[in-house]
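Enquirer: coordinates only, sequence not included:
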């Protein structure tokens, strides 16, 4: 199943997708959009273009497992995406994914503007890889 992952942000939203075999997660792009509805429409278009069958939206719970303002905004974004695409959406815990993305980019010595341009797509890949690992373990 082709699964599209979204790392939703106020200015930049990272997109990643996996292949039909759910083996390889790859970064797609970063959507630079500050308007909530315009961003949702852009993600919906990307999902349609890539023939996604399921959407996984990063859900940034607080470290103490509570739901804050940011997580509520992501939940609303997921609901709008589900309406726009007709696809099932899954909220997936994304705590520390941006930190991990920065660590990966440190290892590849990606700096400056190039780093800013890709960090959200890398975070989306981390979200997707985590979700794929969960799916694989659930099928056992």
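Expert: Ah, there it is. Quick caveat: nothing in here was measured; it's all calculated off a predicted structure.

Enquirer: Name the residues of stretch 123-136 that are buried.
Expert: 123, 124, 125, 126, 127, 128, 129, 130, 131, 132 (16 or more other Cβ atoms under 10 Å). Every residue, glycine included, has its C-beta placed from N, CA and C.

Enquirer: got it, and stretch 27-45?
Expert: Neighbour-count burial for stretch 27-45 flags 27, 28, 29, 30, 31, 33, 39, 40, 41, 42, 43, 44 (criterion: 16+ other Cβ under 10 Å).

Enquirer: Looks to me like the fifth one is in a helix.
Expert: This points to residue 31. No - read with DSSP: H, G, I helix; E, B strand; the rest coil, residue 31 is strand and lies in no helix.

Enquirer: Tell me the confidence at it?
Expert: Predicted confidence (pLDDT) for residue 31: 96.

Enquirer: Now do the same contact list for it.
Expert: By Cβ atoms under 8 Å, 6 or more residues apart in numbering, the contact set of residue 31 is 12, 13, 15, 39, 42, 43, 46.

Enquirer: Name the residues linked to it by a beta bridge.
Expert: Residue 31 has the following beta-bridge partners by DSSP bridges: residue 13.

Enquirer: thinking again about what came up before, and the buried residues of stretch 123-136, which two are the farthest apart?
Expert: Maximum pairwise distance among these (Cβ to Cβ): 15.0 Å, between 123 and 132.

Enquirer: Regarding this structure, what is its longest helix?
Expert: If you go by DSSP state H, the chain has its longest helix at helix 112-138.

Enquirer: Show the average pLDDT along it.
Expert: The average pLDDT for helix 112-138 rounds to 80.

Enquirer: again with stretch 76-86
Expert: Mean predicted lDDT for stretch 76-86 stands at 97.

Enquirer: what comes into contact with it?
Expert: Residues from elsewhere that reach stretch 76-86 (Cβ under 8 Å, 6+ apart): 6, 8, 36-37, 39-41, 43-44, 47-48, 52, 55, 57, 59, 87-89, 91.
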